[in-house]
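Student: Below are the sequence and a predicted model for it; my questions follow.
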Amino acid sequence: MTTAALWNLDFAQICGALEQGGVAVLDSITTVENAAALLAYCQSQAAWRAAGIGAGHSTNLAIRGDRTHWLSSENSAIEADVLAMLDRLRCALNQTLWLNLASVEAHFAHYAPGTGYARHKDVFQHDAQRVISFVLYLNPAWQPADGGRLALYLPEGVQFVLPTSQSAVLFVSSDIEHAVEPTNRDRYSIAAWFRRAE
């Protein structure tokens, strides 16, 4: 199986949803086997760092409690495949929505039990390079009692998304406030941002 065959991305659906409401919620964008491999790889990493907030990347566990591992195509074939998938998505977003996205950055995120992320936007003050945010979840058999929902604050109300394995969310970084509710079990994901050139 080629690495491209591991992913099931409907570019027309994604672009249509982003254009219409600024949010796309997707189910099963990768195979069960690939999601399991990504989770196992993620859990095996030793180089985790406490995530920061703002342009200064200061840490404040009362606001943000996850730890991150940034992806690089030089680290492993698994990370290179994820970044290649994201770059294909970047090209599709450019082709359809004319967003002028020049690059993508991504990291694994781990929320330990009791941690979350307060309501925020994915852009820094005076820095609008992040255009589209992307999250892929890696948590099998996630239940509502496990907590850790993504809350999207939309004009029509709050939309909640369970961080269930193989599902993904994309949204406009500058427009959509969101939060991660405190989780009751280890919660893993891949977060990415599609960026304009500096």
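Tutor: Nice, thanks for sending it over.
Student: In this protein, where is pLDDT below threshold?
Tutor: In the predicted model, the chain carries pLDDT under 70 at residues 1-4, 52-62, 125-126.
Student: could you list every residue that touches Ala12?
Tutor: Residues in contact with Ala12 (CB atoms under 8 Å, 6 or more residues apart in numbering) are Thr96. C-beta coordinates here come from the backbone N, C-alpha and C atoms, glycine included.
Student: May I have the beta-bridge partners of the residue most central in space within the chain?
Tutor: In the chain, the centroid-proximal residue (CA atoms, centre = their mean) is Val135; its distance is 1.8 Å. When bridges are called by DSSP bridges, Val135 pairs up with Val169, Ala191.
Student: Tell me the spacing between it and Ala106.
Tutor: Separation of Val135 from Ala106 (CB to CB, to the nearest Å): 10 Å.
Student: Common neighbours of the two, please.
Tutor: Residues touching both Val135 and Ala106 by CB under 8 Å, 6+ apart: 190-192.
Student: Out of those, which comes closest to Val131?
Tutor: Ranked by distance to Val131 (CB to CB), the shared contacts of Val135 and Ala106 are led by Ala192 at 11.6 Å.
Student: For that closest one, give me its contacts.
Tutor: With contact set as CB under 8 Å, 6+ apart, Ala192 has these partners: 86, 104-107, 133-136.
Student: rerun at 6 Å
Tutor: If you count contacts by CB atoms under 6 Å, 6 or more residues apart in numbering, Ala192 has them with 86, 104, 106, 134.
Student: With secondary structure added, can I get those in a markdown table?
Tutor: Formatted as a markdown table, the contacts of Ala192 follow (DSSP: H, G, I helix; E, B strand; the rest coil):
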| residue | secondary structure |
| --- | --- |
| Leu86 | helix |
| Val104 | strand |
| Ala106 | strand |
| Phe134 | strand |
